[in-house]
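S.K.: have a look at this prediction, sequence included:
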Amino acid sequence: MTPSQLEHLKLIDAHLERLLAIAEKRTPGKWVAGATIIGNGVDTTVCEMPSREKDSLAWHDNIHFIASCAGNAEAGWRATRATIDWLFTMQKHGGSREIPRLSGLAEDILTAFPLELIQKP
C-alpha cells in the first residue's frame, strides 16, 4: 500500500471511531419504524428530512431507513475498523507482499469511503 493509501485508511478509521462514539449515545436496542420521537427540549437537527406534509411517502421511507440502520451500520463500522487494523498489522509485518489480496481489500475500503465522505474532527 502506498503512503497516501495508508493515510487515507487512518482517516477512515478515525472517522468510524467518531461515528461509533456518536452511536453509543443513541437509545440502545433494536429500533423499529413507527415509534414516536419526542424531543428532549434541545433544538438540534439530526438530519434533514422532507416535510411530512409535502412528501409523506419519502418521510415514511426515511424513518424506515433510519430505523433499519441502527445497529446494522454500527456493526459494519466495527467490522471495517477491524479489517483496517488487520491491514495495518499485515503491512507492518510485511504481509502485504505475501498476500496480493491485501491491496484489493484496502482499495475496496478506500473506494467505499472517499475523502469527501470522511468527517474531519
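M.R.: Received it, and whenever you're ready, just let me know what you need. Numbers count the residues shown, from 1 in each chain.
S.K.: the closest residue to residue 91 other than its chain neighbours: how many residues sit nearby?
M.R.: The shortest distance from residue 91 to any residue other than its chain neighbours is 6.0 Å, reached at residue 1 (CB to CB, 6 or more residues apart in numbering). Bear in mind the C-beta positions are built from the backbone N, C-alpha and C, glycine included. Residue crowding around residue 1 was assessed by other CB atoms under 10 Å; the count is 19.
S.K.: show me the helices in this protein, by range?
M.R.: Along the chain, the segments classed as helices by DSSP state H run 3-23, 56-69, 72-92, 95-98, 101-112.
S.K.: now those helices as a markdown table including mean neighbour count and distance to residue 29?
M.R.: Supplementary listing: those in a markdown table, determined by neighbours: other CB atoms under 10 Å; distance: least, CB to CB, whole Å:
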| stretch | mean neighbour count | distance to residue 29 |
| --- | --- | --- |
| helix 3-23 | 15 | 12 |
| helix 56-69 | 13 | 11 |
| helix 72-92 | 15 | 12 |
| helix 95-98 | 12 | 39 |
| helix 101-112 | 14 | 27 |
